[in-house]
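[1] The amino acid sequence is not available; the structure is as follows:
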């Protein structure tokens, strides 16, 4: 909030307080004859505009003498003294102004000040404490929001760093395997090697050109996975079968970037690669009210107890889901009842980034 807005807020607050007490004074049945509108508004607006002008002093005192552990007694004493002094100054100055405006009867000035101290101190003194606690509440709110914002920024930066680490981990590992396969195919199947090189080019373009966003649409993530799978199909030839079952209304859903590729890589290299006859992978996505369910299942070797449950790809995905969605997500990985291995994630369904 800018200083101009703060000044405007203090002015409006002083005006409203002055109007409120002016109305009370004019309609006070104990005053006979009743105060005129000019008198009621002139006196009360003068008094509360003076408090508005002294608000920076109250704020300075609030910052200088905080109600902190071990300093309560000093803070209370300091504010009590300050409130008494500012009340006397406010009433003295206010009486001088209303006298100059002709709103007080022609009595001795100090007599009027003495009378006003007795009559108005009980309403003017608490104004200091009202301003004090209003500022403390505002200061606490600002600091709370600031801590909340910093916490969110730190969490976002942490998740971004993990995503960057995942990308850096992906490239060398995958590149090594793919280039090794291309090198081998060059001696046995040049066309397959050429096709794999073209798919690798597409895959790297998608990887490197993609902005480092936390989330992408499911259709974008599937396009990335498709390039990856085309390379793996060339490597495995007819030993790898892939089926994709995506409900029509979930393509625009936002999912964590690079979330599916590690799961599919895990299924291929730890579930299917060691099987002479290969195997199949099934990718499914569906919406259940406000939740998006995604699963990657294979019919590999998990039923024999050889499939690793928490390799680094799965561990990274689990951590990212926890960071992005907290308790709103669910991630499970284990042997499938029908044989093989299945990884399932459930995240909040949303289409806005």
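    Structure's in. What do you need? Here the structure is a predicted model, which is why all the values come from computation and not from measurement.
[2] Residue 72 - how many residues pack around it?
    11 (other CB atoms under 10 Å). Just so you know, the C-beta spots here come from the backbone N, C-alpha and C atoms, and that holds for glycine as well.
[3] Next up, the contacts around it.
    By CB atoms under 8 Å, 6 or more residues apart in numbering, residue 72 lies in contact with nothing.
[4] what's the pLDDT at it?
    Note for residue 72: predicted pLDDT of 84.
[5] Can you show me the helices along this structure?
    3-26, 37-64, 72-100, 109-185, 190-209, 218-236, 260-267, 312-325 (DSSP state H).
[6] For residue 292, which of those is the nearest?
    Closest of the helices of the chain to residue 292 is helix 218-236, at 7.7 Å (criterion: CB to CB).
[7] Tell me what angle that closest one forms with helix 109-185.
    20 degrees (axes from the mean of the first three to the mean of the last three CA atoms, to 10 degrees).
[8] Could you list the residues in contact with helix 218-236?
    Under the criterion CB under 8 Å, 6+ apart, residues 174, 177-178, 181, 185, 192, 195-196, 199-200, 202-203, 206-207, 210, 240, 242, 244, 246, 250-255, 257-261, 264-265, 268, 272-273, 278, 283, 285, 292, 294 lie in contact with helix 218-236.
[9] export the helices of the chain to CSV and tack on distance to residue 301?
    Output for the helices of the chain, formatted as CSV (distance: least, CB to CB, whole Å):
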stretch, distance to residue 301
helix 3-26, 66
helix 37-64, 67
helix 72-100, 68
helix 109-185, 19
helix 190-209, 25
helix 218-236, 15
helix 260-267, 11
helix 312-325, 16
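[10] Pick the most deeply packed of these.
    helix 260-267 (a mean of 24; mean count of other CB atoms under 10 Å).
[11] ok so, going back, and the helices of the chain: which comes nearest residue 350?
    Of all these, it is helix 312-325 that lies closest to residue 350, at 10.2 Å by CB to CB.
[12] any idea of the angle that closest one forms with helix 109-185?
    Using the same axes, to 10 degrees, helix 312-325 lies at 160 degrees relative to helix 109-185.
[13] Next, the angle from helix 312-325 to helix 260-267.
    Put simply, helix 312-325 runs at 150 degrees to helix 260-267, going by the same axes, to 10 degrees.
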